[in-house]
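In: Pasting the sequence and the predicted coordinates here, then a few questions.
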Amino acid sequence: MRAGSSVAVVGAGLGGLAAACVSAARGHAVTLYDKNDWLGGKAAVLHEGGFRFDMGPTILTVPKVLERIFQEAGRDIRDYLDLRRLDPQWRCFFDDNTRIDLMADVPTMAASMDRFAPGTGAGEGYKKFIEISEHLHGVSDKFFFWKAVEDLFDTIDIRANLNPGTLRDVLSLRMGSSVAGTIRSKVKDARLAQMLDHFVQYVGSSPYGAPAVLCAIAHMQTAEGVWYPMGGTRAVAEALAKLAGELGATLRPGNEVTGLAIENGAVKGVRTAAGTTPFDAVISNMDSVRTYRELVGGEVGRAYEKKNFEPACSGVVLYLGLNKRYDHLSHHDFVFSRDPEEEFDYIYRKGEPAPDPTAYLAAPSSTDASVAPEGGEALYVLVHTPYLRPHHDWRTMFPAYRQVILDKLKRTAGMPDLEERIVVERHLTPQDIHERYKVLNGAIYGLASHGKFMGAFKPGNRSRKVRGLYLAGGAAHPGPGMPMVMMSGWIAADAHDTDARGEVRASA
Ligand SMILES: Cc1cc2nc3c(=O)[nH]c(=O)nc-3n(C[C@H](O)[C@H](O)[C@H](O)COP(=O)(O)OP(=O)(O)OC[C@H]3O[C@@H](n4cnc5c(N)ncnc54)[C@H](O)[C@@H]3O)c2cc1C
C-alpha cells in the first residue's frame, strides 16, 4: 500500500463517516457506500406531521472525539455544529414516585444525594465512586483509546512494560469485578445505585455482567458533559457527511456492498450490484461479525463465526408527537423499573422483554423548539429489549408491549393523560433495527460487553486475518455509542494510513 491509496468505506454510520473524513483528510481517495438512501446509519431522522424525531442516538457525550475529527481536516467544529451543554444531564423517576436530577457537578450531586437518601452516606459514596470512575477513565485513555486494540496484548506490551506502574494500572482495572458490584460497594441506596447502573446501558449490557472498567463512562459524562447539537443528533451525521464531501470523498448512498474481493489474504476491492470495484483497502462499518460472515466469507468467515460473540441488547422506540408539553420532564429522562435485577435478568439472561421496564425519554422541545408545533412535544421513548431470538415475532409482540410501556409512563412518569395527547405515532422494533441497519440480531449497540475480565474487548480495528481490511463501528473496538464509534472510525482510518505509509504500527 502507499499514501494516497484508494479506500472503500462500507457503511455510512457515524463510525463510517468519521473514518471517511479522517482518511480523506490524510490524502486517501475515499468512496463511502451505504445500502440505505441516507448517510448516518442509526443517526437517522423522522419528519412526521410537523414533528421531528431523532430516530436513534439522542445523548451526545465526549464531544472532543468529534472535535478531533474536524481538527484532522483543519476545520473548526463550531462552523459545522451548534452544541449546547445540558445540565441536569438526566431527570430520574423511580417506581416509588421519587425523583432526582443527575447534575454534572460532583459536589452538587453528592449534596443532592444526601438530601434524597439521608443517613445512607450516599453523597460520600458517590464521590468515591466518581474517583474510581475517573481513575478508570484515565486508564482507558492510556490503554484503550485512540489505538487499534483487540486484546490485552495489544494494549500493554507486557515484556516492554513490565514495570510497577503498568502492573498497578492493570490491577486497577478491577478485573473480576462488575459494574453493579463496584457501584453498590460505594452507593447503598437502591434507587441511586439503579441510576448509576444506567451508564452501562449506553453500551447495551447488563451492569451485573459488565466489567468494572466500564464504570469509566460515569466520569466521561460528568466531566465532559451531555450535549445537544441544535437540529438534533442528526446534525452530527449531516456535519460529518458535509465534511467528507468537502474533503473529496465520493458518497454513494443507496449502494449495498455484497462482498469483498480478496486475493492471497489481501483485500483487492468491493463487490456491488454494478460489479467489482478495485480498492487498496476497505474500512467496514458493517457489523464486524457480519462483515466476516457475509463480506469475507470462506474459512476466515466461518472461523470468526465460531467465536460466538454475544450481541448487545436491542430496543423498542416509540416516536410520539404530542399536542402538549410536559413541563415536569427534562430534556433527557429515565423512568426506572421497579426492580433492576428482575429487569436485567429478563433482558440479558432470559432473553424476553422485561415486564416492568426502564424507559428512557427524550423531550427536546425545551432546548430546540423546532422539533414540534408550538405547545407540543416530539417525545421519544426507548425501552431496551433482548436481542432478537428465533421465536421473537415483533409484529405480534409489539401491540401488547407498547401498552406495557405507555402504562409505565402513565404510572411512574406522571403522565396519566399521555395516550390522549398523541397526535402522531411511529415506532421501531428490534426487527426493524435488524433490517434497517444490517446489525447482529437486532442489536442496537453492537456486541455485549459481558465478562468481568475481558468484557471490554471487541474485535480489533485492523484485521488479523485479511490484509487491508479495517473495522469501525459499534461492534469493533472501542465499542458502541456516538463518541466511541466515531473514535473507532478515527482508529480504523489511522491504522490504514499508518500501514499505507509503511510506518511502524502503533499496535499490531
Ligand atoms: C434507538 C437507539 C438509541 C440510541 N441511543 C444512543 C444515545 O443516546 N447515545 C449514544 O451515544 N448512542 C446511542 N445509540 C447507539 C449509537 O446510535 C450507535 O452506537 C452508533 O450510531 C452506531 O454507529 P455505527 O458506526 O456502528 O454504524 P450504524 O449506525 O450501525 O450504521 C452502519 C451502516 O452500515 C450500513 N451497512 C451495513 N452493511 C452494509 C453493506 N453491506 N453495504 C452498504 N452499507 C451497509 C447500514 O445501512 C448502516 O447505515 C442508540 C442507537 C439506537 C438504535
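Out: Looks like it arrived, so ask away.
In: can you map out the helices along the stretch 351-500 of the chain?
Out: For the stretch 351-500 of the chain, the helices defined by DSSP state H, counting those that start in this stretch occupy 394-412, 430-437, 482-500.
In: meant to ask about the stretch 101-250 of the chain, not that
Out: In the stretch 101-250 of the chain, helices defined by DSSP H, counting those that start in this stretch lie at 106-116, 122-143, 152-155, 164-172, 179-186, 190-197, 216-224, 234-246, listed in chain order.
In: returning to that earlier point: tabulate the helices of the stretch 351-500 of the chain (JSON lines), appending mean pLDDT.
Out: Below are the helices of the stretch 351-500 of the chain laid out as JSON lines (pLDDT from 0 to 100):
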{"stretch": "helix 394-412", "mean pLDDT": "98"}
{"stretch": "helix 430-437", "mean pLDDT": "98"}
{"stretch": "helix 482-500", "mean pLDDT": "97"}
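In: And what about the nearest residue to Gly414 once chain neighbours are set aside, helix, strand or coil?
Out: Leaving out its chain neighbours, the residue that sits closest to Gly414 by CB to CB, 6 or more residues apart in numbering is His328, at 5.8 Å. In this view, the C-beta of every residue, glycine as well, is placed from N, C-alpha and C. Following DSSP: H, G, I helix; E, B strand; the rest coil, His328 is assigned to coil.
In: what about His328, how many neighbours?
Out: His328 is flanked by 13 other residues according to other CB atoms under 10 Å.
In: Pretty sure it sits against Ala363.
Out: No - His328 is beyond contact range of Ala363, at 9.7 Å (criterion: CB atoms under 8 Å).
In: and Ala400, how far is that from Gly301?
Out: 38 Å (CB to CB, to the nearest Å).
In: quick one: which of these two has more around it?
Out: Higher neighbour count among Ala400 and Gly301: Gly301, with 18 against 9, using other CB under 10 Å.
In: out of the helices of the stretch 351-500 of the chain, deepest packed?
Out: Ranked by mean neighbour count, the helices of the stretch 351-500 of the chain are led by helix 482-500 with a mean of 27 (mean count of other CB atoms under 10 Å).
In: List the contacts of the closest residue in space to Ser366 that isn't next to it in sequence.
Out: Computed as CB to CB, 6+ apart, the closest residue to Ser366 that is not its neighbour in sequence is His331, at 6.1 Å. His331 makes contacts with Leu86, Tyr228, Ala362, Ala363, Pro364, Ser366, Thr367, as judged by CB atoms under 8 Å, 6 or more residues apart in numbering.
In: again, only using 10 Å
Out: Applying CB atoms under 10 Å, 6 or more residues apart in numbering, we find His331 in contact with 58-59, 84, 86-91, 226, 228, 361-368.
In: quick one on the thing from earlier: how about the helices of the stretch 351-500 of the chain, which one is nearest the ligand?
Out: helix 482-500 (3.5 Å; CB to the nearest ligand atom).
In: now the angle between helix 234-246 and the closest one, please.
Out: Helix 482-500 and helix 234-246 meet at an angle of 20 degrees, taking axes from the mean of the first three to the mean of the last three CA atoms, to 10 degrees as the criterion.
In: Remind me what helix 482-500 packs against, helices and strands.
Out: If you count contacts as 3 or more CB pairs under 10 Å, 6 or more residues apart in numbering; DSSP states H and E, helix 482-500 packs onto strand 6-10, helix 14-25, strand 60-61, helix 64-72, helix 216-224, helix 234-246, strand 281-284, strand 469-471.
In: now those in TSV, with distance to Met484, mean pLDDT and mean neighbour count?
Out: As requested, the helices and strands packed on helix 482-500 are exported to TSV (distance: least, CB to CB, whole Å; pLDDT from 0 to 100; neighbours: other CB atoms under 10 Å):
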stretch	distance to Met484	mean pLDDT	mean neighbour count
strand 6-10	18	98	27
helix 14-25	9	98	32
strand 60-61	10	97	22
helix 64-72	8	97	19
helix 216-224	10	97	22
helix 234-246	14	98	22
strand 281-284	16	98	30
strand 469-471	13	98	30
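In: Let's have these in TSV, adding distance to Ala117.
Out: Shown next, in TSV, are the helices and strands packed on helix 482-500 (distance: least, CB to CB, whole Å):
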stretch	distance to Ala117
strand 6-10	48
helix 14-25	37
strand 60-61	26
helix 64-72	33
helix 216-224	18
helix 234-246	36
strand 281-284	47
strand 469-471	43
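In: Could you say which one of these comes nearest to the ligand?
Out: Evaluated over the helices and strands packed on helix 482-500, closeness to the ligand peaks at helix 14-25, with 2.7 Å, by CB to the nearest ligand atom.
In: all strands for the stretch 201-350 of the chain, in order.
Out: Ranges of strands in the stretch 201-350 of the chain, per DSSP state E, counting those that start in this stretch, are 226-229, 250-253, 259-263, 266-272, 275-278, 281-284, 314-322, 332-335.
In: Deepest-packed of these, please.
Out: Among the strands of the stretch 201-350 of the chain, highest average neighbours (mean count of other CB under 10 Å) belong to strand 281-284, with a mean of 30.
In: do that one and the ligand meet at all?
Out: No - Strand 281-284 does not reach the ligand (CB under 6 Å from any ligand atom); its nearest approach is 7.9 Å.
In: what helices or strands is that strand leaning on?
Out: When contacts are defined as 3+ CB pairs under 10 Å, 6+ apart, strand 281-284 sits against strand 6-10, helix 14-25, strand 29-34, strand 259-263, strand 266-272, strand 469-471, helix 482-500.
In: mind checking which of those is nearest Tyr202?
Out: helix 482-500 (8.8 Å; CB to CB).
In: chain center to that closest one: distance?
Out: Centroid displacement of helix 482-500 relative to its chain, using CA atoms, centre = their mean, to the nearest Å, is 16 Å.
In: got it, and stretch 445-463?
Out: Per CA atoms, centre = their mean, the displacement of stretch 445-463 from the mean C-alpha position of its chain is 13 Å.
In: sorry, back to before: mean pLDDT for the helices of the stretch 101-250 of the chain: which is lowest?
Out: Here the lowest mean pLDDT among those goes to helix 164-172, at a mean of 64.
In: Any figure for the gap between the closest residue to the ligand within the chain and Gly301?
Out: Closest to the ligand within the chain is Gly13: 1.9 Å, counting by CB to the nearest ligand atom. Separation of Gly13 from Gly301 (CB to CB) stands at 21 Å.
In: do Asp333 as well
Out: Taking CB to CB, one finds Asp333 at 42 Å from Gly301.
In: For this structure, list the residue farthest from the centre, please.
Out: Gly119 (36.1 Å; CA atoms, centre = their mean).
In: residues touching it, list them.
Out: Under the criterion of CB under 10 Å, 6+ apart, the neighbours of Gly119 are Lys188, Asp189.
In: rewinding a little: thought Val236 was touching the residue of the chain closest to the ligand, still the case?
Out: No - applying CB atoms under 10 Å as the test, Gly13 and Val236 come out as separate, 11.2 Å apart.
In: can you list residues touching both of these two?
Out: Residues touching both Gly13 and Val236 (CB under 10 Å, 6+ apart): Gly40, Ala43, Met486.
In: Output the residues you listed as TSV; include the columns distance to Leu295.
Out: Shown next, in TSV, are the shared contacts of Gly13 and Val236 (distance: CB to CB, whole Å):
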residue	distance to Leu295
Gly40	21
Ala43	22
Met486	22
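In: Run through the residues of this protein sitting next to the ligand.
Out: 10-16, 33-36, 41-43, 56-59, 256-257, 285-286, 315, 317, 382, 433, 437-439, 444-445, 473-474, 480-482, 485.
In: Pull out the buried residues from those.
Out: Buried residues within these, counting neighbours by 16 or more other CB atoms under 10 Å: 10-16, 33-36, 41-43, 56-59, 257, 285-286, 315, 317, 382, 433, 437-439, 444-445, 473-474, 480-482, 485.
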